[in-house]
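Below: sequence and its predicted model.
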Amino acid sequence: MYKKILFSISIFAFLFACSEADSPIKYVFDAKHWEENIKKYTLGDESEDEFACMFGSMIFTDEVLKAVKAGKEPSISDDGTPTTINVYKNKIYWVAVDYEAEIINDKIILDFSDDGDPVELTLKRSEDELLLSIVDENMDCDYPFKEIN
C-alpha cells in the first residue's frame, strides 16, 4: 500500500514538473515596429547597413522561410506574413516551417535548407522585447519580436 501511494505521488510530481518546466512563450516578428524604428535596430552607421538589415528582415516572414526550406527562390514582391516562434528554455520552434533550433550560448543556427548556407542568430532578451540578431561581415542588425497570447 505504501509503495502504491509513493509511486502515485512520484508520477504526479513528474507530470507536474514536465508540464510546467518548459512551456513555450509565443512571439511574432514585430515588422511594423521594426520598420518604424529601423535606425534603432541597425547597429551600423551607413545607409548600406539599413539596406542590408531591410533585406535581412525578409527571413522573418513565413513565405521566405517556406521557400528557403523548399529550396525555392523566395518572392520578395510583397511584405509577407511576420513569422511566429515558440521560445523554450533551450530551443526555438519556427512554426511556419516546423523547425526546432537549439539555443546554445544565446546562439541559434537556422539550417533547414538542403542547398543554402546556415544563418546564425543571436538571441537577446530584455524586459521589453526579444531580439534576434544577425551579425556578419555585411550587417549588424537586431530584429524585434513581440510576445503574443
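Happy to help now that I have it.

Take whichever strand or helix holds Leu65, keep the C-alpha atoms, and write them as PDB.
Assigned by DSSP states H and E, Leu65 belongs to helix 62-69. Extracted C-alpha coordinates of helix 62-69, given in PDB (Å, rounded to 0.1, in the frame of the first residue of the first chain):
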ATOM      1  CA  ASP A  62       6.600  32.800 -43.300                       C
ATOM      2  CA  GLU A  63       6.700  33.000 -47.100                       C
ATOM      3  CA  VAL A  64      10.500  33.400 -47.300                       C
ATOM      4  CA  LEU A  65      11.200  30.700 -44.700                       C
ATOM      5  CA  LYS A  66       8.900  28.200 -46.500                       C
ATOM      6  CA  ALA A  67      10.600  29.000 -49.900                       C
ATOM      7  CA  VAL A  68      14.100  28.600 -48.400                       C
ATOM      8  CA  LYS A  69      13.100  25.300 -46.700                       C
END
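
Need the residues that contact it.
Here helix 62-69 makes contact (Cβ atoms under 8 Å, 6 or more residues apart in numbering) with 58-59, 73-76, 78, 80-84, 94, 96-97, 99, 112-113, 116. Backbone N, C-alpha and C define where each C-beta goes, glycine included.

Strands along the chain, start to end?
Using DSSP state E, the strands found in the chain span residues 25-29, 84-87, 91-94, 99-102, 107-110, 119-125, 130-135, 140-147.

out of everything not next to it in sequence, what's closest to Glu102?
Leaving aside its sequence neighbours, Glu102 sits nearest to Lys91 (Cβ to Cβ, 6 or more residues apart in numbering; 5.2 Å).

what comes up buried for stretch 109-125?
Residues 110, 112-113, 119, 121, 123 are the ones in stretch 109-125 that count as buried (16 or more other Cβ atoms under 10 Å).

can you redo the residues you listed as JSON lines with distance to Phe51 and pLDDT?
Listed next are the buried residues of stretch 109-125 as JSON lines, based on distance: Cβ to Cβ, whole Å; pLDDT from 0 to 100:
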{"residue": "Leu110", "distance to Phe51": "21", "pLDDT": "90"}
{"residue": "Phe112", "distance to Phe51": "26", "pLDDT": "78"}
{"residue": "Ser113", "distance to Phe51": "23", "pLDDT": "73"}
{"residue": "Val119", "distance to Phe51": "18", "pLDDT": "88"}
{"residue": "Leu121", "distance to Phe51": "20", "pLDDT": "94"}
{"residue": "Leu123", "distance to Phe51": "24", "pLDDT": "95"}
